Every structure is written in C-alpha cells, then in structure tokens.
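In: Build me a model from this:
(chains A and B)
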Amino acid sequence: GAGVSQSPSNKVTEKGKDVELRCDPISGHTALYWYRQRLGQGLEFLIYFQGNSAPDKSGLPSDRFSAERTGESVSTLTIQRTQQEDSAVYLCASSLSGGSAGELFFGEGSRLTVL
Amino acid sequence: GQSLEQPSEVTAVEGAIVQINCTYQTSGFYGLSWYQQHDGGAPTFLSYNALDGLEETGRFSSFLSRSDSYGYLLLQELQMKDSASYFCAVDPISSGSARQLTFGSGTQLTVLP
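Out: Next up is the predicted model:
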C-alpha cells in the first residue's frame, strides 16, 4: 500500500480481555517497529523486526505483550489480559532497513481503551 | 540510558520564527531526529542530524551540537498548519543493530493568527 496501515483504528475492551492489533507495513520495507504512546507522552519503543532475524523484544513491558511478523509483511501485536494501564495509542512504523532510524514511516495508530 | 528534554508547550504567531530545543543525556547515539505529529495523526519525519551543524529543509532547519548535548528545530514563516506536537528522538548506539528510536515527551506548538 501507499503507507503503513493499522487496524483497528479504535478498540474499546474490558479489563482482562485479550486484544490483537494489526499492522501492514509499506511494501518492501524490511524493518518494522511497534511503539506505544500514552496521552500527552512521547513514543515508547516496544519491539522491532528486521527481515528474518530474531525480533528485538527489549521494550515489551510485560509477558502479556507479544508480537509476530510473517516474513516481511503483516505484524500483529497481542496484549493478553488487558489492564487499564494498557490504554494508549499503539503505533506501528516501517523503514527500508534498520540502518537509518531517522526515516521511520508511521501508521496512524490503534487507539486502545481498556475499561 | 537515554533521556531527552523538550519544553512541553510553545506558542507563536503566524509568520514568526520559533525554536524548539532538545537537550539530552545519552551514552552515545547515531543521530538526532525530529518528528511532527498532528492531533490524532501519525508522526511524520522532519529531519535527521547525524553530524554537528545545521540541516535545512525548506522552512524547517535542525541543529545538533554533540559537545553541548543539545539540538533544536527551527521553524520559520510559521503557518497555522504548523500547530502540532514536535518530538526529538535519538537512535542509541546501545540498541545495536536495532536502531530503535528513543523519543522525548514532545513540544506542543500553537500558532496563533
């Protein structure tokens, strides 16, 4: 596609439920990132995928968070047993490679609200 | 670790020049980036300084001084559409090949008519 596409754009869920967020990166981009942005805050790194290499999961805040990526295409971020503090916008970004972090292309995010 | 500090809010009038500062504490990084984010929108890349000095792109310029642990984004001929949040970010050397970005908390710029 023309840009990074994320779905759903909005998700409201009850505490304790699992949610799955999807990201379609720009075609041909080998690097894919997930970030979290709480209201009025900066972006917090969660996880990074580069080609077929093992993902960098160092930013995942707990074992309730996991992510997968199929080859160099779609990625899904799963949050299990959601908590109210998980409420945030989850942003996905892609880049041609991991070599120039100054050129990330972001999607518009999935806004998660946990009641 | 890394931390970046930016003013939380800046207000200026249309046609003016505004400078958004970013000071950082980091053990080492490849470069300093700036991103713009309109309310509810995707962050969009503005500039990247790998070396000290000034980078100019149209009405926007970005500056980096590693010796002063300081950078800034300069916006000239402000327009109403420039009202947005602006984030500085570094890609720390400690992240290795991941080149993940560490972001500041952002500066909300309001441009008044």
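
In: hey, let's count contacts and neighbours off CA atoms from now on
Out: Noted.

In: Pull out the buried positions in the helix or strand B:Val111 falls within.
Out: Under the criterion of DSSP states H and E, B:Val111 resides in strand B:107-112. Judged by neighbour count (16 or more other CA atoms under 10 Å in any protein chain shown), strand B:107-112 contains these buried residues: B:Thr107, B:Gln108, B:Leu109, B:Thr110, B:Val111.

In: Can you lay out those residues as TSV showing distance to chain A?
Out: Converted to TSV, the buried residues of strand B:107-112 look like this (distance: CA to the nearest CA, whole Å):
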residue	distance to chain A
B:Thr107	10
B:Gln108	9
B:Leu109	13
B:Thr110	15
B:Val111	18
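
In: out of those, who's nearest A:Pro8?
Out: Closest to A:Pro8 out of the buried residues of strand B:107-112 is B:Gln108 (26.4 Å), distances taken as CA to CA.

In: wait, what's in contact with the closest residue to A:Leu96 other than its chain neighbours?
Out: Spatial nearest neighbour of A:Leu96, chain neighbours left out: A:His29 (4.2 Å); criterion: CA to CA, 6 or more residues apart in numbering or on different chains. By CA atoms under 8 Å, 6 or more residues apart in numbering or on different chains, the contact set of A:His29 is A:Glu72, A:Ser94, A:Ser95, A:Leu96, A:Ser97.

In: what residues are up against the third one?
Out: Remark: with contacts taken as CA under 8 Å, 6+ apart, A:Ser95 is in contact with A:Ile26, A:His29, A:Thr30, A:Ala31, A:Leu32, A:Ala101, A:Glu103, A:Leu104, A:Phe105.

In: Tell me which two in these are the farthest apart.
Out: Within the contacts of A:Ser95, two members stand farthest from each other by CA to CA: A:Ile26 and A:Ala101, at 15.5 Å.

In: does A:Ser73 really touch A:Ala31, like I thought?
Out: No: A:Ser73 lies out of contact with A:Ala31 (CA atoms under 8 Å); the separation is 9.7 Å.

In: More neighbours: which of these two?
Out: Higher neighbour count among A:Ser73 and A:Ala31: A:Ala31, with 24 against 17, using other CA atoms under 10 Å in any protein chain shown.

In: wait, doesn't the more buried one sit right on A:Asn52?
Out: No: applying CA under 8 Å as the test, A:Ala31 and A:Asn52 come out as separate, 9.9 Å apart.

In: Could you name every residue contacting both of the two?
Out: What both A:Ala31 and A:Asn52 touch, as defined by CA under 8 Å, 6+ apart, is the set A:Glu72.
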